[in-house]
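Participant: Next come a sequence and a model predicted from it.
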Amino acid sequence: MAFTEAELDQIRKEMDCFIEKRRPPEHLRNKVDLAYKIDKLSIIIYEMRARFMGEGMAEMPVAKAVYVIKDDKWKIYWQRADLKWHLYEPKKEVKKLADFIKTVDEDKHRCFWG
């Protein structure tokens, strides 16, 4: 099951606001940028960086939120050096998407932004 259109509209509104706040200045966006994607019940925030060799941009995941319908909560994940998603131990889940965004933005434990 995926989000309804109304839910998607609200998610996009919150995520667009967050991404716009965190994006680098426009003159740098061809080298580094920030984006997100929605996949079923997950939202993945990622950086895009110009490839060192070759053309295009490489995507580097920053954070992931997975909505658990039965619990009405968002689980928070970060990607460790093993390139696998791990629950964010300081705060494994939150009730609202805004709380996920705040957790990633503050990054008190330097798991998302390094």
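Facilitator: Yes, it's here.
Participant: Could you report the distance from the nearest residue to residue 23 once chain neighbours are set aside to residue 65?
Facilitator: Closest residue to residue 23 apart from its sequence neighbours, by C-beta to C-beta, 6 or more residues apart in numbering: residue 34 at 5.0 Å. Quick note: C-beta positions are derived from backbone N, CA and C, even for glycine. In this view, residue 34 and residue 65 are 15 Å apart by C-beta to C-beta, to the nearest Å.
Participant: More neighbours: those two, which one.
Facilitator: Between residue 34 and residue 65, residue 65 has the larger neighbour count (other C-beta atoms under 10 Å), namely 27 against 17.
Participant: continuing past the host helix or strand of the more buried one, what's the next helix or strand?
Facilitator: Element membership for residue 65, per DSSP states H and E: strand 57-68. Once strand 57-68 ends, the next helix or strand along the chain (criterion: DSSP H and E) is strand 73-79.
Participant: Show me which residues of the longest helix along the chain are buried.
Facilitator: For the chain, the helix with the greatest residue count under DSSP state H is helix 5-22. Using 16 or more other C-beta atoms under 10 Å as the test for burial, helix 5-22 gives 11, 14-15, 18.
Participant: Using JSON lines, please lay out those residues together with pLDDT and distance to residue 43.
Facilitator: Formatted as JSON lines, the buried residues of helix 5-22 follow (pLDDT from 0 to 100; distance: C-beta to C-beta, whole Å):
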{"residue": "11", "pLDDT": "98", "distance to residue 43": "7"}
{"residue": "14", "pLDDT": "98", "distance to residue 43": "10"}
{"residue": "15", "pLDDT": "98", "distance to residue 43": "7"}
{"residue": "18", "pLDDT": "98", "distance to residue 43": "10"}
